[in-house]
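>>> give me coordinates for this.
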Amino acid sequence: MKNVFRILSICLVVCVVLVAGTERVARALSVEELVEERSANVWVEGQDLGGMIVGARGQMTFVYVDNVLSRASGGESEAPDWLKWHVQHFLSNAAKGKILFICRYRALIPWTFDPEQIFVGTYAVQWKDILTRKDFFPHGEIPSDTVGVFAFVVPPGEIAPGKEIRLGYGEYATKLRVPGR
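Numbers count the residues shown, from 1 in each chain. Coordinates of the predicted model:
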């Protein structure tokens, strides 16, 4: 009986250490680092000349929102307002069973911005996928220096932790490695 008690005690200690260690690793990253790790930039109509982008119509940053980012930004006062506002969709019914992204964009020169030009993997985003009210972000013909942020969802499909996904706007794309595993 003493051996059973000893084995159970050891198992309990190991479980507590593993859970505490995992939580400590997750908390070691700041919200800013979590956002950076889950972000990918696309320059619309821009050309890369040795690390300098020229002639871009706009810049888009896609942020993949998972449970780790959602939890970290909800309770931390240092999270930017745009993140706190849009990450609230993570637990909404509209996002249930789907993958949430936040898109931040900035027009560098006049741009006809159409959210339906966004794609993630092979999926083309549609208006029904956008969770932010359409009145709250500029779209259509937008002038220089216009900025906007909105949240959208895509079906889980080919998005899996540890895998690289292709995303972008129109013919302009980049890759994002989905955190995990």
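>>> when you work out contacts or count neighbours from here on, use the C-alpha atoms and nothing else.
Noted.
>>> so where's this protein uncertain?
Applying pLDDT under 70 to the chain flags residues 1-28, 75-77, 181.
>>> and the residue nearest the centre of it?
residue 64 (1.7 Å; C-alpha atoms, centre = their mean).
>>> does it belong to a helix, a strand or coil?
strand (DSSP: H, G, I helix; E, B strand; the rest coil).
>>> I'd like the distance between the nearest residue to it once chain neighbours are set aside and residue 67.
Excluding its sequence neighbours, the residue lying closest to residue 64 (C-alpha to C-alpha, 6 or more residues apart in numbering) is residue 101, at 4.7 Å. The spacing between residue 101 and residue 67, counted by C-alpha to C-alpha, to the nearest Å, is 12 Å.
>>> who has more neighbours out of these two?
Neighbour totals were compared for residue 101 and residue 67, and residue 101 leads with 26 against 10 (other C-alpha atoms under 10 Å).
>>> check the burial of the closest residue to residue 152 other than its chain neighbours by counting its neighbours.
Leaving aside its chain neighbours, residue 152 sits nearest to residue 130 (4.2 Å; criterion: C-alpha to C-alpha, 6+ apart). Look at residue 130: counted by other C-alpha under 10 Å, it has 20 neighbours.
>>> hang on, isn't residue 130 packed against residue 149?
No. With contact defined as C-alpha atoms under 8 Å, residue 130 does not reach residue 149; the gap is 11.0 Å.
>>> now the strands for the protein?
Here the chain has its strands, by DSSP state E, at 39-44, 47-49, 52-54, 58-65, 99-107, 111-113, 118-120, 123-124, 140-142, 147-154, 164-169, 172-177.
>>> columns distance to residue 29 on top of those strands, output as TSV?
Shown next, in TSV, are the strands of the chain (distance: least, C-alpha to C-alpha, whole Å):
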stretch	distance to residue 29
strand 39-44	15
strand 47-49	30
strand 52-54	29
strand 58-65	15
strand 99-107	20
strand 111-113	34
strand 118-120	26
strand 123-124	31
strand 140-142	36
strand 147-154	23
strand 164-169	21
strand 172-177	17
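>>> near the nearest residue to residue 89 once chain neighbours are set aside, how many other residues are there?
Nearest residue to residue 89 in three dimensions, chain neighbours excluded: residue 95, at 6.5 Å (C-alpha to C-alpha, 6+ apart). Residues near residue 95, counting by other C-alpha under 10 Å, number 17.
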